[in-house]
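Visitor: below are the sequence and a predicted model for it; my questions follow.
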Amino acid sequence: MKNVTDSFLSLGYWPSAGSFGFNTDILATNPINLSVVFGVLIFFGKGVLSDLLDNRKQRILNTIRNSEELCGGAIEQLEKARARLRKVEMEADQFRVNGYSEIEREKLNFINSTYKTLEQLENYKNETIHFEQQRTINQVRQRVFQQALQGALGTLNSCLNNELHLRTISANIGMFGAMKEITD
C-alpha cells in the first residue's frame, strides 16, 4: 500500500509542461501511427482486397449457380423417378387386377371342367347301369326262353306221335319261310 501512495505522491513532483505544443515524435503517438498504417493499407491494399473480394464473390456466385443447376437436375431426375414410379404402380395395379381376374377365370374354368367331368361320369354310370340291366334282363329272358322251350319240347315229345310231330315241324318251317320272305 505504501508503494501505491508513493506513486501518487511522486506524480505531484513532476514539473508541468507549461505550454501546449505539437508532438513531433510520430512513433510515440499511437492514434497517428494507426491512422498512418490504416491509410497505407487502404491506399496500397485496396486493389488487392478488392480483387480478393471479387474473386470470392465470383466463387460464391459460381457455387450458387452450380448448386442451382444441380438442384434443377435433381428435380428433373426426381420428376422422372416419380413418373416411372407412377407408371410402375399403374402396371402393378394392372397386373394385380389381371392376376385376380385370371385367377377367377381359371377357377371358373376348373369348376366348369369338374362339373362337366362329373356329368360325364354320371352319364357313364347311368349308361353302365342301364347296359347291365339290359344284359341281365336279356340273360333272364334267354334262360326263361330256354327253360320254356325245353319244357315245351319235353311236353311235345311226350305227347306227340311221329306223324303229328312231322306236321308241326313242317308248319313251323313254313312259317319261318314266310317270315323270311317278308323280311327280305
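Guide: Looks like it came in fine.
Visitor: how far out from the middle of the chain is the helix ranked longest in the chain?
Guide: In the chain, taking DSSP state H as the definition, the longest helix is helix 30-159. Computed by CA atoms, centre = their mean, to the nearest Å, the separation of helix 30-159 from the middle of its chain amounts to 4 Å.
Visitor: and the contacts of stretch 151-159?
Guide: Here stretch 151-159 makes contact (CB atoms under 8 Å, 6 or more residues apart in numbering) with 165, 168. Yep, even glycine has a C-beta here, placed from its N, CA and C like the rest.
Visitor: poorly predicted segments of the protein, please.
Guide: Scanning the chain for pLDDT under 70 picks out the ranges 1-29, 32, 156, 160, 184.
Visitor: now do the very next helix or strand once past the longest helix of the chain: distance to the chain's middle.
Guide: Moving toward the C-terminus from helix 30-159, the next helix or strand (DSSP states H and E) is helix 162-183. On the basis of CA atoms, centre = their mean, helix 162-183 sits 89 Å off its chain's mean C-alpha point.
Visitor: which other helices and strands does helix 162-183 contact?
Guide: helix 30-159 (3 or more CB pairs under 8 Å, 6 or more residues apart in numbering; DSSP states H and E).
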